[in-house]
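Student: sequence first, predicted coordinates after that:
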Amino acid sequence: MEHKYEIIIYWSQEDEAFIAEVPELAGCMADGDTHKEALENVQVIIDEWLETAKLKNRPIPKSKGKLMYA
């Protein structure tokens, strides 16, 4: 499924992998050997995160688009 949540991708020297993180969904992240693989993996994790939230009747944050940090 296509989602509109912001995804931040960065290289983790410690993990020796690209990390894709979804700041609006607490704890939602995935890794991969390439940017593309990390992005594909995090799409699966987003689906699982949302499915779990629905099953447990937890609130699902609405996508805010680009987040701004100071």
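Tutor: Arrived safely, thanks for sending. Numbers count the residues shown, from 1 in each chain.
Student: distance from the chain centre to stretch 4-12, please.
Tutor: The chain centroid and the centroid of stretch 4-12 are separated by 7 Å, computed with CA atoms, centre = their mean, to the nearest Å.
Student: that stretch: which residues count as buried?
Tutor: Using 16 or more other CB atoms under 10 Å as the test for burial, stretch 4-12 gives 5, 7, 9. (C-beta placed from N, C-alpha, C; glycine too.)
Student: what residues does that stretch touch?
Tutor: Stretch 4-12 is contacted by residues 17-25, 31, 35, 38-39, 42, 46, 63-67 when judged by CB atoms under 8 Å, 6 or more residues apart in numbering.
Student: ok, which stretches of the protein are helices?
Tutor: Using DSSP state H, the helices of the chain run over residues 35-55.
Student: quick check: pLDDT value at the spatially most central residue of the chain.
Tutor: Here the mean C-alpha position of the chain is nearest to the C-alpha of residue 22 (CA atoms, centre = their mean), at a distance of 3.2 Å. Each residue has a pLDDT score; the one for residue 22 is 96.
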